[in-house]
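Enquirer: no FASTA, just this:
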């Protein structure tokens, strides 16, 4: 059994280790990482799944971005589940939780780069982001969007850009 909760600072090392195991050290070279670099996740939208022994079993974060002409949106990722905890529904539970929390916080759209067959069951589709572009290479079939508010991505075009809280600003305030 796992519990999904907000990420806390003591989760950082375990989360980074999980992401390295799930995606390899090359993960930092991905285009989506350019949008996250030097930034903090959107306020209140970083979650972990923790097992009964308190071990980190999964993670997901959402990041503030500007989705071209559509304006403010979220970038989801990375979503990862520990290899020993896969096939237990943890990834799906994290997804449902993240989407629900984003909706509750008034966000209107989420974009991501990921496996379409996996994310389509949560309502993500490539058609919503057909005229949006990321600031680097990406397999077009893996670029997906979800409207939390109907019409949020209607006619959206242009470049996706990172925005929101910066790491350095947050550290200076602390």
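Expert: The structure has been received and is ready for your questions. Just so we're clear, the structure is a prediction, and the values are computed from it rather than from any experiment.

Enquirer: roughly how far apart are residue 22 and residue 82?
Expert: Distance, residue 22 to residue 82, using Cβ to Cβ, to the nearest Å: 8 Å. Heads up, the C-betas are built off the backbone N, CA and C, glycines and all.

Enquirer: of those two, give the one with the bigger neighbour count.
Expert: Taking neighbours as other Cβ atoms under 10 Å, residue 22 and residue 82 compare with residue 82 leading, 20 against 17.

Enquirer: my guess is the more buried one contacts residue 18, does it?
Expert: Yes - between residue 82 and residue 18 a contact is recorded at 5.7 Å, counting by Cβ atoms under 8 Å.

Enquirer: list residues touching both of these two?
Expert: Counting by Cβ atoms under 8 Å, 6 or more residues apart in numbering, the residues touching both residue 82 and residue 18 are 56, 58.

Enquirer: buried residues, the lengthiest helix in the chain. List them.
Expert: Secondary structure of the chain per DSSP state H: the longest helix is helix 90-104. Of all the residues in helix 90-104, those buried under the rule 16 or more other Cβ atoms under 10 Å are 90, 91, 93, 94, 95, 98, 99, 101, 102.

Enquirer: okay if I get the residues you listed as JSON lines plus pLDDT and distance to residue 77?
Expert: As requested, the buried residues of helix 90-104 are exported to JSON lines (pLDDT from 0 to 100; distance: Cβ to Cβ, whole Å):
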{"residue": "90", "pLDDT": "95", "distance to residue 77": "16"}
{"residue": "91", "pLDDT": "95", "distance to residue 77": "12"}
{"residue": "93", "pLDDT": "97", "distance to residue 77": "16"}
{"residue": "94", "pLDDT": "97", "distance to residue 77": "11"}
{"residue": "95", "pLDDT": "97", "distance to residue 77": "11"}
{"residue": "98", "pLDDT": "98", "distance to residue 77": "10"}
{"residue": "99", "pLDDT": "98", "distance to residue 77": "13"}
{"residue": "101", "pLDDT": "98", "distance to residue 77": "15"}
{"residue": "102", "pLDDT": "98", "distance to residue 77": "13"}
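
Enquirer: who touches the most centrally placed residue in the chain in this structure?
Expert: Against the mean C-alpha coordinate of the chain, by Cα atoms, centre = their mean, the closest residue is residue 76 at 1.8 Å. Residues in contact with residue 76, defined by Cβ under 8 Å, 6+ apart, are 60, 61, 62, 63, 98, 110, 111, 112, 114.

Enquirer: any idea what sits nearest it, other than its immediate chain neighbours?
Expert: If the residues on either side of it in the chain are set aside, residue 76 comes closest to residue 112, at 4.2 Å by Cβ to Cβ, 6 or more residues apart in numbering.
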